[in-house]
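Enquirer: with the input below, show me the fold.
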Amino acid sequence: MHKATFAEGCFWGVEATFRQVKGVADVAVGYTGGHTPNPTYQAVCTDRTGHAEAVEVLYDPAQVSYEELLNVFWKSHDPTTLNSQGPDHGSQYRSAIFTHTPEQKAAAEASRDRHTKLGTFKRPIVTEIVPASTFYRAEEYHQRYFEKNGLVGCHLH
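Expert: Below is the predicted model:
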């Protein structure tokens, strides 16, 4: 299994989106990219920890490529809004790709550059592409939140 980490705003919808991708074995919601060790949801919501709400995706590269996961990433949120998605505002809702290998970094940058060149989005892409740091799994009540609460979605598609 390989690992990919993405931030697209509220992690509940992002988790649900990636769970539907064939070849994805598991998705966990959590926090990454900040400076506070072992952050809680309440701390991340203050916008003072530096962490983004993110998902860690475990996938089988024989069934789904990293490039295909990047396509899901670009389609499932607005990568042109700085530190916000829909009604959610703050750096914890930023658009980011946290890369685990030099190959992921190159693929993420190439994908971003391709969308920029094609003019896929009406505004410039503001997505961060940065090395992955410690991923802190969110509290258990956040995992599979939609499934546990019978919700369909809140995420932009």
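Enquirer: pass me the low-pLDDT residue ranges in this structure, would you?
Expert: Applying pLDDT under 70 to the chain flags residues 151-157.
Enquirer: can you tell me which helix in it is longest?
Expert: Across the chain, the longest stretch assigned as helix under DSSP state H is helix 102-118.
Enquirer: so what's the gap between that helix and the chain middle?
Expert: Offset of helix 102-118 from its chain centre (Cα atoms, centre = their mean, to the nearest Å): 16 Å.
Enquirer: what comes into contact with it?
Expert: Residues outside helix 102-118 that contact it (Cβ atoms under 8 Å, 6 or more residues apart in numbering) are 4, 66-67, 70-71, 74, 79, 97, 99, 121, 124-125, 127, 129, 131. For every residue, glycine as well, the C-beta is placed using N, CA and C.
Enquirer: ok, now with 7 Å
Expert: For helix 102-118, the surrounding residues in contact (Cβ atoms under 7 Å, 6 or more residues apart in numbering) are 66-67, 70, 74, 97, 99, 121, 125, 127, 129.
Enquirer: now these: which count as buried?
Expert: 66, 70, 74, 97, 99, 125, 127, 129 (16 or more other Cβ atoms under 10 Å).
Enquirer: who's in contact with the second one?
Expert: For residue 70, the contacting residues are 107-108, 111, taking Cβ under 7 Å, 6+ apart as the criterion.
Enquirer: wait, which of the residues you listed is closest to residue 47?
Expert: Comparing these against residue 47 with Cβ to Cβ places residue 108 closest, at 24.6 Å.
Enquirer: help me confirm that residue 121 comes into contact with residue 81.
Expert: No - here residue 121 does not reach residue 81: they are 10.0 Å apart, not a contact under Cβ atoms under 7 Å.
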